[in-house]
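Engineer: Give me coordinates for this.
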Amino acid sequence: MPPNPGAWLTTTANHKAIDRIRRENKRDDKHKEAQVVLDDDPPEPLGAIDDDRLRLIFTCCHPALAMETRAALTLRMVGGLTVPEISRAFLVTESAMGRRITRAKDKIKAARIPYRVPSADDLPARVSGVLAVLFLVFNEGYLTTGADADPVRDDLTAEAIRLTRLIRDLLPDDGEVAGLLALMLLTEARRTARVSASGELVALDEQDRGAWDAALIAEGHRLVRERLAAAAAGVAPGRYQILAAINAVHTSARDMRDTDWSQILALYDQLARIDPSPIIALNRAVAVAEFEGPEVALATVDRLEDKLAGYHAYHATRADLLRRLGRSEQSRAAYDKAIDLAGNTAETAYLTRRRDQLR
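Structural biologist: Reported below is the predicted structural model:
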């Protein structure tokens, strides 16, 4: 027994702590030395894609899975989006989306789908799924769906644009890649003008167009013109190319009154033929309201109720059309539904102000 057990324990503990700190400080160097000596295996080939995240997205977007399933799974596992955010993007309940992601994992396991880095030959079969993932990541960043998040997340929009640029380098002749990049650039160009200093969403007709990013608009327009030239040569445009062309019309106008709504409506008609979704029909109705009047547009919107009753933008669009028709009480009720369903704080503030302006 030492003469002073407490002092002895303290001194011994100090020595052991110092030894451990020294040992841990040298651990990484020793591991590297051991790798140099012992690791004779060549590094795993990276395939055609140098970027780690993009390579992982292409790996996860396996063509054996259904398109919506691979997009949802990749958004969760690689994109970092939460199940509520993904479910809102697909207009389904959280429980349904959770089951969809679980089934995708089970299918991968049961079918023994290989987790393999895709080669250059694999990219064309997977690119549509990758573009869908990046489009949804961009949308979530451009106007977030969660109530507790910032209205705009430029980290997501910037990453989506960066990865789409990389795909453009890999597949320079793919029209939909160029279309998606143009769509992102033309949308991103308006980002700083879409939320006011007080944190409220600013609608297109109220935005300061002088605050739009001219360089991004110029690049987006150049890509759209390239795709228009390809279309003139007989190459049919896809969904992203048409959406980019619609945004090009918007960003070419000096103000809302100068917008060529007939051209936008024609582009939506073209888009509806290849993507007859209720969301496209709702967006088309906005163009109809400007070109043919709010009463014609409202008839179209009302026919979408069964499919979009849980979508806040449906009720917001309907509220605006009813307001323009002077039907204030019905408009107020529609605004109330839109506010209840909207998760984004900037959208909620905008809808609340519009509702409160009704007589």
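Engineer: State the phi and psi torsions of residue 201.
Structural biologist: The phi/psi pair for residue 201 (degrees, to the nearest 10) reads phi -60, psi 140.
Engineer: same check, this time on residue 143
Structural biologist: Dihedral pair for residue 143: phi -150, psi 100, per degrees, to the nearest 10.
Engineer: residues in contact with it?
Structural biologist: Residue 143 makes contact with 151, 152, 194, 201, 344, 346, 347, according to C-beta atoms under 8 Å, 6 or more residues apart in numbering. Just so you know, the C-beta spots here come from the backbone N, C-alpha and C atoms, and that holds for glycine as well.
Engineer: Kindly indicate which of those residues lies nearest residue 231.
Structural biologist: Of all the contacts of residue 143, residue 194 has the smallest distance to residue 231: 29.4 Å, by C-beta to C-beta.
Engineer: Tell me if I'm right that the closest one and residue 157 touch.
Structural biologist: No: the criterion here is C-beta atoms under 8 Å, and residue 194 misses it with residue 157 at 11.5 Å.
Engineer: which residue ranges form the strands in the stretch 51-200 of the chain?
Structural biologist: Taking DSSP state E, counting those that start in this stretch, the stretch 51-200 of the chain contains no strands at all.
Engineer: what bits of it have low per-residue confidence?
Structural biologist: Along the stretch 51-200 of the chain, the model assigns pLDDT under 70 to residues 78-80, 89, 91, 111, 113-117, 146-149.
Engineer: Apply 80 and report the result again.
Structural biologist: 51-52, 55-56, 59-92, 97, 100-101, 103-119, 144-151 (pLDDT under 80).
Engineer: okay, residue 30: pLDDT?
Structural biologist: According to the prediction, residue 30 has pLDDT 69.
Engineer: State the number of residues packed around residue 23.
Structural biologist: 10 (other C-beta atoms under 10 Å).
Engineer: er, residue 193 actually
Structural biologist: 17.
Engineer: what's the spacing between it and residue 207?
Structural biologist: 4 Å (C-beta to C-beta, to the nearest Å).
Engineer: Overlap in contacts, these two.
Structural biologist: With C-beta under 8 Å, 6+ apart, residue 193 and residue 207 have no common neighbours.
Engineer: picking up where we left off before, out of the contacts of residue 143, who has the most neighbours?
Structural biologist: Neighbour max across these (other C-beta under 10 Å) = residue 347, 23 neighbours.
Engineer: Quick check, that one in contact with residue 312.
Structural biologist: Yes: the criterion here is C-beta under 8 Å, and residue 347 meets it with residue 312 at 7.3 Å.
Engineer: Who are the contact partners of the closest residue to residue 304 other than its chain neighbours?
Structural biologist: Of all residues not flanking residue 304 in the chain, residue 278 sits nearest, at 5.1 Å (C-beta to C-beta, 6 or more residues apart in numbering). Under the criterion of C-beta under 8 Å, 6+ apart, the neighbours of residue 278 are 304, 307, 308.
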